[in-house]
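Colleague: for reference, the sequence and a predicted model appear below.
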Amino acid sequence: MAGSSHGHTPAAWTGVTIAFIGFCIAGAYMVMAEPLGFWAGMVVVVLGGVVGMVMRSMGLGQPKTSPALAHTTRETVGADA
């Protein structure tokens with residue numbers, strides 16, 4: 001995965017950050033035994049996924065590659081040089 005930009009997009013960073021905040025909220029309220037706060041944190045987790053998908057549909061996510069480019073490897077690229 002180091003050769004690709006998997007996950008290095010504004011949509012991915014934003015979605016994961018929001019989901020992480022939601023997990024922190026849910027975890028804190030779970031320890032405090034407050035079910036309403038826990039479920040509010042879980043709603044924030046789902047919101048992170050929705051925000052990531054909306055941003056991806058707006059063009060801020062990983063671009064789609066053509067099938068011809070998907071099979072290109074380092075060896076075939078280096079053979080042309």
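Modeller: Nice, I can see it. Numbering: from 1, shown residues only.
Colleague: quick one, what contacts residue 45?
Modeller: 18, 19, 22, 23, 26 (Cβ atoms under 8 Å, 6 or more residues apart in numbering). Where C-beta positions appear, they are placed from N, C-alpha and C, glycine not excepted.
Colleague: filter those to the buried ones?
Modeller: Using 16 or more other Cβ atoms under 10 Å as the burial test, the contacts of residue 45 include 18, 19, 22, 26 as buried.
Colleague: just the helices from the protein, written as ranges.
Modeller: Remark: helices of the chain, listed N- to C-terminal, are 10-31, 35-55, 67-70, 74-79; assignment by DSSP state H.
Colleague: report the contact partners of residue 10.
Modeller: Residue 10 is in contact with 55, 60, 61, counting by Cβ under 8 Å, 6+ apart.
Colleague: ok, now residue 36?
Modeller: With contacts defined as Cβ under 8 Å, 6+ apart, residue 36 is in contact with residue 29.
Colleague: measure it to residue 48 for me?
Modeller: Distance check for residue 36 against residue 48: by Cβ to Cβ, to the nearest Å, it reads 19 Å.
Colleague: then residue 33?
Modeller: Using Cβ to Cβ, one gets 24 Å for the distance from residue 33 to residue 48.
Colleague: with residue 18 instead?
Modeller: In this structure, residue 18 lies at 3 Å from residue 48, with Cβ to Cβ as the measure.
Colleague: residue 39 now?
Modeller: When Cβ to Cβ is the yardstick, residue 39 and residue 48 sit 15 Å from each other.
Colleague: so these two - more neighbours on which side?
Modeller: Neighbours around residue 39 and residue 48, counted as other Cβ atoms under 10 Å, are more numerous at residue 48. The numbers are 20 against 12.
Colleague: from what I can see that one touches residue 16, true?
Modeller: Yes. Contact between residue 48 and residue 16 holds when scored by Cβ atoms under 8 Å: they sit 6.9 Å apart.
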